[in-house]
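[1] With the input below, show me the fold.
(2 chains)
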Amino acid sequence: MVYFHGWEMPLQYSGIIDEHINTRSAVTIFDVSHMGRFEVRGSGALDCLQILATNDVAKLRDYTALYSPICYDDGGIVDDLIIYRISKEKFLLVVNASNREKDLEWIIEHCGSANVENASDKTLLLAIQGPLAAHVMEKVTAHKNFDRLKPFEFVVTDIFGAESIVSRTGYTGEDGFEIFVDSTRTDIWDKLIESASKFKIKPAGLGARDTLRIEAGLMLYGNDIDENVTPFEVPLKWTVKVEKSDFIGKKALTSRIIDRKLVGFELLEKRIARHGNEVFLKNGQRGGFVTSGTFSPTLKKSVGFCFVPTYISPGETVELSIGGKLYGAKVKNSTRFYKRIGN
Amino acid sequence: MEGTKFTKEHEWIIISSEGLAMIGISDFAQEQLGDIVSVELPKVGSKFRQMQPLAIVDSVKTSSDIYSPLSGEVVQVNDELSEHPEWINESPYELGWIVKIKPSNMEELDDLMTAGQYSEFIGEMEKVEEKGEAKK
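    The predicted structure follows:
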């Protein structure tokens, strides 16, 4: 067990690599109830979310969701979250555990005309991830058309007698679902594992969640992004819709000069780089720092993300300082090391 | 575990009949580290003082120094670990040995724990951990 932002959570069950491989080859279940859930309701809800989010919340239809950063005036990231539109006047936000209080304050401050409620304790949040995830969901829910549910769409359906939100979302780079179920229904964890045993489902912890998201090139708040990082410096440019009406941080983001970028790297020697390790350039100068690093169980290589000056190109090598020693690393053309086959 | 001695940093050491010392990490240590994915080994011929770091073990979750239980000179390293770092998890006392050294001062052995003392030591550590968790 590890202590994670006030939650006591398993780092691993059967082992990080075993859980990781099971997610890529079959299916795993994660308890991610530590994530914050807020409800934003009322006639002013959409307008307030449009002001907060860099992505275009107006594009959402009912039962669809979208990923977006929310920024400060200077373009630094307050948090990254998923916004679910339940109806025109009711949205559900899923935010990082570490940012729950800060986000709630920030959202309330900018949502005077909407009703903002911390609904984190109302539900459990479980993630079913892996190529067999849709089979599991078809077996355990009343909903039978999961082949028609696209990524970032959701349904309200029955799971073991509990009305739940099931969205096709996740943080692993695999197909998968997240389930919001009433917080009194803690029996559902065991019931899901039991019913999905023929799909070789395994529970997975925070360790595998981290190795999976790094392989998939996904950002982690507090590691890769924070209030000192803008979406334009990391691979989140696609989430900033400068053409939409005003939003917090727009002015800064459209005028700020970008001199560093987050890139993927592959370490050329058998070590693992960790958050905070310094990056040195060919000329011996400091060039940035490692934000995330791990062993990739799929590629069997040591990989990660680091900041480098924008003039560094893919294929170039930099040196990472690990425990006071320098190790060569090759700069990749993206932070994504793994892409699943299919859509 | 007859004749095996342990450090507080969870290395084990066993002296062979030729007077060489084989070093690895304990079962408790490999369990705590989780999946080990790489090992940085010292060069044969390099010399270490007692409790100086002589190798580095990277697991998915963390990197840790491996300390030399005795002063001495490295005479052999387990090269196979570069292909099979997982042997430290699977067989910490046999296939997963890390280095062999020629000790320069056998009296330093007295500073180390016997298997019985070590199992008491990790038992105490686990008790402390449990207490810490109960507090949470």
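[2] residues contacting the residue nearest to residue A:93 when sequence neighbours are not counted?
    With C-beta to C-beta, 6 or more residues apart in numbering or on different chains as the criterion, residue A:93 has its nearest non-adjacent residue at 4.4 Å, and that residue is residue A:38. In short, each C-beta sits where N, CA and C put it, glycine included. Going by C-beta atoms under 8 Å, 6 or more residues apart in numbering or on different chains, residue A:38 touches A:92-93, A:95, A:103-104, A:107, A:116-120.
[3] the helices in chain B, which residues?
    For chain B, the helices defined by DSSP state H cover B:27-33, B:87-90, B:115-135.
[4] how near is the residue nearest to residue A:93 to residue A:249?
    Here the criterion is C-beta to C-beta, to the nearest Å. By it, residue A:38 lies 20 Å from residue A:249.
[5] tell me the helices in chain A, going along the chain?
    A:16-25, A:45-52, A:100-110, A:133-140, A:188-195, A:206-215, A:250-255.
[6] for those, which one ends up most surrounded?
    helix A:206-215 (a mean of 25; mean count of other C-beta atoms under 10 Å in any protein chain shown).
[7] Quick one: mean pLDDT over that one.
    The average pLDDT for helix A:206-215 rounds to 97.
[8] who does that helix touch, helix- and strand-wise?
    Contacts defined by 3 or more C-beta pairs under 8 Å, 6 or more residues apart in numbering or on different chains; DSSP states H and E place helix A:206-215 against helix A:16-25, strand A:286-296, strand A:301-309.
[9] Need the ones you listed in a markdown table (columns: mean pLDDT).
    A markdown table is the format used below for these (pLDDT from 0 to 100):
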| stretch | mean pLDDT |
| --- | --- |
| helix A:16-25 | 98 |
| strand A:286-296 | 97 |
| strand A:301-309 | 98 |
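[10] Of the ones you listed, give the one that comes closest to residue A:73.
    strand A:301-309 (22.3 Å; C-beta to C-beta).
[11] which residues are in contact with the closest one?
    With C-beta under 8 Å, 6+ apart as the test, strand A:301-309 has contacts from A:214-215, A:217, A:224, A:233, A:259-267, A:269-273, A:277, A:279, A:281, A:287-296, A:318, A:320, A:329, A:331, A:335, A:337, B:37-38.
[12] what bits of the chain have low per-residue confidence?
    Using chain A. Within chain A, the stretches with pLDDT under 70 are A:1-2, A:4, A:342-343.
[13] I was thinking of chain B, sorry if that wasn't clear
    B:1-2, B:128-136.
[14] Try it again at 50.
    Scanning chain B for pLDDT under 50 picks out the ranges B:133-136.
[15] any chance you could map the strands in it?
    B:5-6, B:11-15, B:21-25, B:36-40, B:47-48, B:53-59, B:63-67, B:72-77, B:99-103, B:113-114 (DSSP state E).
[16] partners of the third one, with directions?
    By that I understand strand B:21-25. Strand pairing for strand B:21-25, using DSSP bridges, gives strand B:11-15 (antiparallel), strand B:99-103 (antiparallel).
[17] Mind putting those into TSV with mean neighbour count?
    As requested, the strands paired with strand B:21-25 are exported to TSV (neighbours: other C-beta atoms under 10 Å in any protein chain shown):
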stretch	mean neighbour count
strand B:11-15	20
strand B:99-103	21
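[18] nearest to residue B:119, of those?
    strand B:11-15 (11.9 Å).
[19] Buried ones from the contacts of strand A:301-309, can you make that a ChimeraX selection?
    Command for ChimeraX, covering only those of those found buried under the criterion 16 or more other C-beta atoms under 10 Å in any protein chain shown:
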select /A:214,215,217,224,233,260,261,262,263,264,265,266,267,270,271,272,273,277,279,281,287,288,289,290,291,292,293,294,295,296,318,320,329,331,335,337 /B:37,38
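[20] and residue 92, how many neighbours?
    Picking chain A for this. 21 (other C-beta atoms under 10 Å in any protein chain shown).
[21] actually chain B
    Quick note: residue B:92 (other C-beta under 10 Å) scores 22 neighbours.
[22] same thing with the one 3 residues further on?
    Using other C-beta under 10 Å, residue B:95 has 15 other residues around it.
[23] Tell me how far stretch A:291-307 lies from the chain's centre.
    16 Å (C-alpha atoms, centre = their mean, to the nearest Å).
[24] and if you look at stretch A:57-74?
    14 Å.
[25] Show the end-to-end separation of it, please.
    21 Å (C-alpha to C-alpha, to the nearest Å).
[26] Fine by me, we can end here.
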